[in-house]
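Colleague: coords please:
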Amino acid sequence: MIRIRRAKDRGHADHGWLNAYHTFSFAGYYDPEHTGFRSLLVMNEDRVQPGHGFPTHGHEDMEIVTYVLEGALEHKDSMGNGSVLRPGEFQRMSAGTGVRHSEFNPSATELVHLYQIWLLPDCEGHEPSYEQRRIDPAETKNKLRLVASPDGSDGSFTIHQDARIFLATLGKDQTVVHALKPGRYGWLQVLHGAVMLNGQPLSTSDGAAISEETRLEIRSDAGAEVMLFDLP
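Modeller: Numbers count the residues shown, from 1 in each chain. Predicted coordinates:
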């Protein structure tokens, strides 16, 4: 079964400096029909204006994954990490027992366009940790590249959850296939472009909850970038 979450139906908050779309209930947006999917709790698409950002704030017991599509995002945290995240780079922060961080657009002229994703951890009380990694575009070209996993396999970064995150960039008339094991679930997020998921059309910023499917065929006629979650 594939249940599509259209981009136009998401929650929306325009704060001037921040234009945010919420696939699932978040902050002031609440929809009892969309409070997450399995261990996937937050799927926010944010655009932050130049010179603005999220001031220092805290998190606990959450796996936070950030992916930048355009611009740059400056990160600082209470673990002593300080870095700038650019297009094609992923950041993973395990909040665990508690961490404080800030996220800021350091540019004076360009907005930053990003996805921030939260997953519930497998248990509470993990030691806070941080990773940042650039994904070579050649590794995602017309194939699903594993970028996050519970064991760090295939050069992925490690998350404290039995979930796997894949990234793929599809060219014209290209298809990728993923097998879901029995009892597993999927979520597909279209970052840009258009695809057919098992024959169902999805466009930029659409998402799809997947259950009781064993084979996922993702095809693009004109090109697309997608993120696929394999979830318990």
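
Colleague: and the most centrally placed residue in the chain, what is it in contact with?
Modeller: With distances taken as C-alpha atoms, centre = their mean, I117 lies nearest the centre of the chain, 4.4 Å away. Residues near I117 by C-beta atoms under 8 Å, 6 or more residues apart in numbering: 40, 42-44, 64-67, 165. To be clear about C-beta, it is placed using only N, CA and C from the backbone, and glycine gets the same treatment.

Colleague: Okay, now the sheet partners of the longest strand seen in the chain, with direction.
Modeller: Criterion DSSP state E: the longest strand present in the chain is strand 185-197. Here strand 185-197 is paired, per DSSP bridges, with strand 200-203 (antiparallel), strand 207-210 (antiparallel), strand 215-220 (antiparallel), strand 224-231 (antiparallel).

Colleague: which one of those strands lies closest to Q91?
Modeller: Closest to Q91 of the strands paired with strand 185-197 is strand 224-231 (C-beta to C-beta; 14.1 Å).

Colleague: hey, C-alpha coordinates of the closest one in PDB?
Modeller: Output in PDB follows, covering the C-alpha atoms of strand 224-231 (Å, rounded to 0.1, in the frame of the first residue of the first chain):
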ATOM      1  CA  ALA A 224      14.800  13.600 -10.000                       C
ATOM      2  CA  GLU A 225      16.500  13.400  -6.600                       C
ATOM      3  CA  VAL A 226      14.900  11.200  -4.000                       C
ATOM      4  CA  MET A 227      15.500  10.100  -0.400                       C
ATOM      5  CA  LEU A 228      14.200   6.600   0.600                       C
ATOM      6  CA  PHE A 229      13.800   5.400   4.200                       C
ATOM      7  CA  ASP A 230      13.700   1.700   5.000                       C
ATOM      8  CA  LEU A 231      12.000   1.500   8.400                       C
END
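
Colleague: pLDDT on it, on average?
Modeller: Throughout strand 224-231, pLDDT has a mean value of 98.

Colleague: likewise stretch 71-85?
Modeller: Per-residue scores along stretch 71-85 average to 93.

Colleague: what's the answer for stretch 33-43, then?
Modeller: 98.

Colleague: Next: stretch 54-65.
Modeller: Here the average pLDDT along stretch 54-65 is 94.

Colleague: roughly how far out does that stretch sit from the chain middle?
Modeller: 15 Å (C-alpha atoms, centre = their mean, to the nearest Å).

Colleague: Can you name the element that comes right after the host helix or strand of the residue nearest to the centre of the chain?
Modeller: In this structure, I117 is located in strand 112-119 according to DSSP states H and E. Later in the chain than strand 112-119, the nearest helix or strand by DSSP H and E is strand 129-134.
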